[in-house]
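Participant: turn this into a model:
(chains A and B)
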Amino acid sequence: MFEPGILRDEEIEYLIKDVYELYGYDFSMYSRASFKRRVNRICVIDKFTSFAELRYTLINDPEYLKRFIEEITVNVTEMFRDPYFFKVLREKILPQLGTYPLIRIWVAGCSTGEEAYSVAILLKEAGLYHKCLIYATDINPSVLETASSGVFPLQQMKIYSENYIASGGKKDFSDYYTANYDSARFDKSLKEKMILSTHNLVSDSSFNSFQLIVCRNVLIYFDKMLQERVFNLFDNSLENLGYLALGSKETLRFSNLGKFYHQIEDQKIWKKVDHN
Amino acid sequence: MKYSENIELVMIGGSAGSLQVILDLVKRLDGEFDFSIVLVVHRKAQSTSILPTLLQQFSILDVIEAEDKTEIMNNRIYIAPADYHLLFDDKKNISLDRSEKLHFSRPSIDISFGSASDVYGDRLLAVLLSGANSDGVDGLTYVKKNGGRVWIQNPETAEVDYMPRQAADKVRYDLLITPQNLPEFINQLNKN
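Facilitator: Numbers count the residues shown, from 1 in each chain, chains lettered A, B, ... in the order given. The predicted model follows:
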């Protein structure tokens, strides 16, 4: 859908202000180009013909806010996406984490949960699952419902299975789910150690300390200043010698915190060195 | 044709059949540009970063695969990474986005052309090359609407002519270029 021009820049500003003042969600530091595309997209799929109509609905219908948050955030995700990343996690990072008595992992911006389940599978296969906790959070409550159900479209399983094998998985991927018509229901045990909760990276603070934070393809939707703030939030939430994993085109290089982190090989994984 | 405004950004979109045109182009760029060049080429989602390495071998300009918030500098070639859309929040940094595909494509040429046009307006030149789908056509229309310049590869010279033919039929272009004269036209930009 190509609709770049429905809303003007100043209308986007009004909208951001309304949503913040009425509902407390602050999108002012989201990457502007991408945010504008999302708002235009909402206008198209929900058939708003003008900015006034969208604004009126948002102001007067708190129920619509839920829909707005759902659609404004990008929820395109996959299991074992970028398999090589998961291979490094499996082979290099998990053995390090295995030395801790309790492993705490935060999947920040988990969307519908595919990465949290991928991490759970890795931990199972490494024999570490019994002593781990996976916190999976997102700004958007409805994606967390999907994550909690553990039910994903069956048609995706072929790709996931290929990704899984490419990540070094040795089992039959279908052992992890039960197919039912067009859906795949994942093994309940994968959810036992998963704590799903809403968390807004823009406004909420650190809630625990972790040895691994996974936040992939979330920060690309933020501007540089907000990215820096979130890096600080992660830094405060990460134990010394803990790891931060970002998306394949995201980097800690431009951040002031970069100097306190060692990059692992050529991967988008950084290890925190002793500070604060 | 005389233009009063200098071009600050050249966006080049291509799909099937565009690689040879791009290779011939980067070989012949003379590299004293007061603008940046961004390539948006359809490629496989999982593809590793071979394209930047390949182009770098032939180019005297630095060729960089864009990451999120990569700084935009003159006289450099940036490439949209596989499986991301490439956008512009401002003229300083490139922004990436992993939202839905458009025309079965991510990166989508339409999306990048549209976003570049929002930021650069009449300082943008958009070039559409060979390809097999209609990605890029709406983007060019939008660029034109915002006062930017539009060049399209002459469909007669395209290995796969669907994309440039669609564009040439639907968009009020400034120039039909060929793989032979494109480098020279870009070398001459802002110079007369």
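Participant: chain neighbours aside, what residue packs nearest to the residue nearest the centre of chain A?
Facilitator: Nearest to the mean C-alpha position of chain A, by Cα atoms, centre = their mean, lies residue A:109 at 2.6 Å. Of all residues not flanking residue A:109 in the chain, residue A:218 sits nearest, at 3.3 Å (Cβ to Cβ, 6 or more residues apart in numbering or on different chains). Yep, even glycine has a C-beta here, placed from its N, CA and C like the rest.
Participant: what number of residues lie near the one you found?
Facilitator: The tally of other residues near residue A:218 (other Cβ atoms under 10 Å in any protein chain shown) stands at 24.
Participant: can you check residue B:40 too?
Facilitator: For residue B:40, the neighbour count with other Cβ under 10 Å is 29.
Participant: residue numbers of chain B in contact with chain A?
Facilitator: B:66-69, B:81, B:84, B:87-90, B:93, B:95-100, B:102, B:110-111, B:114-115, B:117-119, B:138-139, B:142, B:145 (Cβ under 8 Å from any Cβ of the partner chain).
Participant: are any of those buried, and which?
Facilitator: Buried members of these, scored by 16 or more other Cβ atoms under 10 Å in any protein chain shown, are B:66-69, B:81, B:84, B:87-89, B:93, B:95-99, B:102, B:110-111, B:114-115, B:117-119, B:138-139, B:142.
Participant: out of those, which are inside strands?
Facilitator: B:87, B:88, B:95, B:96, B:97 (DSSP state E).
Participant: export those residues to JSON lines and tack on pLDDT?
Facilitator: Formatted as JSON lines, those follow (pLDDT from 0 to 100):
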{"residue": "B:87", "pLDDT": "97"}
{"residue": "B:88", "pLDDT": "97"}
{"residue": "B:95", "pLDDT": "97"}
{"residue": "B:96", "pLDDT": "97"}
{"residue": "B:97", "pLDDT": "94"}
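Participant: closest one to residue A:205 out of those residues, please.
Facilitator: Proximity of these to residue A:205 (Cβ to Cβ) peaks at residue B:95, which lies at 26.1 Å.
Participant: relative to residue A:230, how far out is residue A:27?
Facilitator: 14 Å (Cβ to Cβ, to the nearest Å).
Participant: and residue B:43, by the same measure?
Facilitator: From residue B:43 to residue A:230 the distance is 30 Å (Cβ to Cβ).
Participant: quick one on the thing from earlier: for the residue nearest to the centre of chain A, give me the pLDDT.
Facilitator: Looking at residue A:109, its pLDDT reads 97.
Participant: touching, it and residue A:214? I think so.
Facilitator: No: Residue A:109 lies out of contact with residue A:214 (Cβ atoms under 8 Å); the separation is 9.1 Å.
Participant: mutual contacts of the two, please.
Facilitator: Counting by Cβ atoms under 8 Å, 6 or more residues apart in numbering or on different chains, residue A:109 and residue A:214 have no contacts in common.
Participant: for the worst-scoring helix or strand of chain B on mean pLDDT, buried residues please.
Facilitator: Lowest by mean pLDDT, DSSP states H and E among the helices and strands of chain B is helix B:50-58, with a mean of 93. Within helix B:50-58, the residues scored as buried using 16+ other Cβ under 10 Å are B:51, B:52, B:55, B:56.
Participant: now swap in stretch A:168-185 and tell me
Facilitator: A:168, A:169, A:173, A:176, A:177, A:183, A:184.
Participant: then stretch A:101-116?
Facilitator: A:103-116.
Participant: next, count neighbours for residue 85.
Facilitator: With no chain named, the answer covers chain A. 22.
Participant: nope, chain B please
Facilitator: Counted with other Cβ under 10 Å, residue B:85 comes out at 28.
Participant: residues from chain A in reach of chain B?
Facilitator: Residues of chain A lying near chain B by Cβ under 8 Å from any Cβ: A:1-2, A:4-5, A:31-34, A:36-38, A:74, A:76, A:217, A:219-221, A:223-224, A:227, A:247-251, A:254.
Participant: out of those, which are inside helices?
Facilitator: Taking DSSP state H, the ones among these that sit in helices are A:32, A:33, A:34, A:36, A:37, A:38, A:224, A:227.
Participant: great, nothing more from me.
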